[in-house]
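[1] predicted model and sequence below, questions to follow.
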Amino acid sequence: MDPTTRPLAADEIAEINRRHLIETPLVPADLLFVFGTREDDMLRADTAARLWREGYFRWSIVSGGVTPGSEQSECTLIKTAMVNAGVPAELVLEEHRAMNTGENVIFSLPIIDAALGLANIRNVICLGNTWTARRYPMTLHRHWPEVEKMLLTVDSFATPRALWHTDAEFRRRMLHEWDKIEPYKAKGFIAEWPEA
């Protein structure tokens, strides 16, 4: 049986909403970390551009490699859309190899360090898919614990986030990501965030 179609009790839904769908207050950050995606990439770029217009970051990095069916990296597609929407190209760092969230962070840190100096970055906004949620800052926290992390997630589902379990595809994506959390923590891929 596919674990993403398992019956869900109300208490598990509530726990996922509380622990996984974390929303943090946003304050202007030194860096916007845009995690690459094959889903809703233009929504992500539009959101990044809106954050730029509203003064929420000084620099950005877009991380994501070439995925099956595409000739361009996720980074290229998202950065191009961000620039077309008004974000200055010279303020968007690029990482073109990552094929997963861990690689997004591992491959991006040396690029950030070379361009800006990791010690000069005090706070980061993580921008990614709703269903992956806190795994973005948990991955960043594993490799860069010193920096303050904020989280903003986006999706194109008409279903409200708290009702994700009522939409078959939203539910599948959410449970697929939720079920990774504990195994990834056990393997040291991610670290608890926010810390208790």
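    Alright, I've got the coordinates.

[2] longest helix of the chain?
    When the chain is parsed with DSSP state H, its longest helix is helix 101-115.

[3] which residues sit in contact with Ala49?
    Each residue near Ala49 by CB atoms under 8 Å, 6 or more residues apart in numbering is listed here: 81-82, 85-87. Any C-beta I mention is one placed from the backbone N, CA and C, and that applies to glycine too.

[4] can you tell me the SS state at it?
    helix (DSSP: H, G, I helix; E, B strand; the rest coil).

[5] surely Ser156 meets Asp40?
    Yes: using CB atoms under 8 Å, Ser156 is in contact with Asp40, at 5.1 Å.

[6] on the three-state scheme, the residue sitting nearest the centre point of the chain is what?
    Most central in the chain under CA atoms, centre = their mean is Gly128, positioned 2.9 Å from the mean C-alpha point. Using three-state DSSP, the structure places Gly128 in strand.

[7] before we move on, back to that, what's the longest helix of the chain packed up against?
    Judged by 3 or more CB pairs under 8 Å, 6 or more residues apart in numbering; DSSP states H and E, the packing partners of helix 101-115 are strand 29-35, strand 57-63, strand 92-95, helix 135-143.

[8] run through this structure and note the low-pLDDT ranges.
    Applying pLDDT under 70 to the chain picks out residues 1, 196.
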